[in-house]
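[1] return atomic coordinates for the entry below.
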Amino acid sequence: MSVLVVVEREPGGVDELSLQALALARTLAQGASIEALAVTPPSDTVSQGVAATLGEHGVSTLHVAEHAVFGSYAPTAVAQAAVELAERLQPAAIVGAGTERGNEVLAHIAARLDLPLAANCIAAASGDPARVTRLRWGGSLLEEADVHGAPTLLTVAPHLVTAERAPAGEAAVEHFAPTLSEADQLVRVTDRAEDDTAGGVSLADAKVVVSSGRGAGSPEGFGIIEELADLLGGAVGCSRAVTMAGWRPHTDQVGQTGTKIAPDIYIACGISGATQHMAGCKGAKTILAVNTDPQAPILASADYAVIGDLHEVVPAISAELRKARQT
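    Numbers count the residues shown, from 1 in each chain. From the prediction side, this is the model:
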C-alpha cells in the first residue's frame, strides 16, 4: 500500500504547503511508499529539480498527468486524474495541501469516490478507520475523528505541520495522459485580472506582516501601516472588519476566510484578536501586538505587546528604524 499526495507546483519548484502535506503523509504511511501527483500541459516539462525536491521529502515516484487543460487551473480535471491514478495504485490515503485549491480538488475527489473528506488535519494515523486530528471552529479547538472508507481522504492545515526532509533519493518520474471527458474540462480558469494596486511582497509569502483593524480609524489610517511594512520589507494585512468596511481589498485579509500567513514576525496593530483572525496567523513565529486594551484577546497569543495608541506607537517605530539606518 502507498499514500498518494496531490502536490501543487510553483515556478521552479514545489509549493511549501505541499511539502507540509508530504510530512503528514509520511506519518500516515508508516513506512509505505509515498507517491506524488502533479499536473502539467504537454508543452511543459517537470524539471529535474522538482523530482529531486520531492525525493528529499520522501517521495518515491512522481506521477505527472499531462493534458492541455492543465495549462490553467482545472479542479475537476485534476480530481479525475487523481481518481484515475488511485484506481491503478490503490493507495491507502490521498492527501492534499490545505490551500483553497487543495481543498477544492480533494472535495471533488471525495465526491467522485463517494467518500468523506477530513479537512485541515494536523495529525493522522492509519487504521480501519483512520484517526485524524484537525482544526475546528477557526482553530479554537482540536477534534479527533475517525475517517471511514478507503482510501482515506484528507487535507493538511497550512503552517501547522513542519515540512521536514526525509531523503529517499531523487523521485522516479512517470508520465501518463488521463482520460478526461468534456465535463471534466468544463470548469477551468480562462483569464486572470491583475490587481493594479498590488505590489511588493505577497502576503502569503512575506517574512514580515504588519496588519491593522478598525483601530486604524479610516482607509487613510493605513498610511502608517504601509510605511512600517515598507521599512521592514514586509506586506500589509488587515482584519475582516476592515475588508467589510471597504477600507482594504479582501486579498489583504488575514484570517480563516482570508489569507493564512506564517511570517517570522507578525505586527498586529489595533486588532482585538477574534478567533477568526487568529486562525489566519497561527503560523507566525513571533507576534507583536499594539493595542490600547490590555485585556484584548490577541495579547494571550502575543510574544510581545505594546499597550498604546497605534497612531503614536507605529510612527515611533518607523522613526527609530529610519534613525538606525542613518547611523
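
[2] which ones are touching the residue lying closest to Arg131 once chain neighbours are set aside?
    In this structure, Arg131 finds its nearest non-sequential neighbour in Ala125, 4.7 Å apart by Cβ to Cβ, 6 or more residues apart in numbering. No exception for glycine: its C-beta is placed from N, CA and C like everyone else's. Applying Cβ atoms under 8 Å, 6 or more residues apart in numbering, we find Ala125 in contact with 27-28, 131-132.

[3] one more time with 10 Å
    The contact partners of Ala125, taken as Cβ atoms under 10 Å, 6 or more residues apart in numbering, are 27-28, 30, 131-133.

[4] lowest pLDDT pick from these?
    Lowest in pLDDT among the contacts of Ala125 is Gln30, which has 85.

[5] count of residues packed around it?
    Residues contacting Gln30 under the criterion other Cβ atoms under 10 Å number 12.

[6] pretty sure it contacts Ser126?
    Yes. If you go by Cβ atoms under 10 Å, Gln30 and Ser126 touch, sitting 5.7 Å apart.

[7] list residues touching both of those two?
    1, 3, 92.

[8] which among these end up buried?
    Among the shared contacts of Gln30 and Ser126, those classed as buried by 16 or more other Cβ atoms under 10 Å are 3, 92.

[9] of the shared contacts of Gln30 and Ser126, which is the nearest to Thr40?
    Proximity of the shared contacts of Gln30 and Ser126 to Thr40 (Cβ to Cβ) peaks at Val3, which lies at 21.6 Å.

[10] which strand residues bridge the closest one?
    According to DSSP bridges, the partner residues bridging Val3 are Ile34, Ala93.

[11] so it makes contact with Gly96?
    No. Applying Cβ under 10 Å as the test, Val3 and Gly96 come out as separate, 11.5 Å apart.

[12] list residues touching both of these two?
    Ala25.

[13] any idea how far Gln185 lies from Asn120?
    29 Å (Cβ to Cβ, to the nearest Å).

[14] picking up where we left off before, turn the shared contacts of Gln30 and Ser126 into JSON lines, columns for distance to Thr251 and pLDDT.
    Below are those laid out as JSON lines (distance: Cβ to Cβ, whole Å; pLDDT from 0 to 100):
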{"residue": "Met1", "distance to Thr251": "41", "pLDDT": "78"}
{"residue": "Val3", "distance to Thr251": "33", "pLDDT": "96"}
{"residue": "Ala92", "distance to Thr251": "37", "pLDDT": "95"}
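
[15] could you export the shared contacts of Gln30 and Ser126 as TSV, including distance to Ala157?
    Formatted as TSV, the shared contacts of Gln30 and Ser126 follow (distance: Cβ to Cβ, whole Å):
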residue	distance to Ala157
Met1	24
Val3	17
Ala92	21
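
[16] and which of the shared contacts of Gln30 and Ser126 is nearest Gly215?
    Using Cβ to Cβ, the shared contacts of Gln30 and Ser126 come closest to Gly215 at Val3, 45.3 Å.
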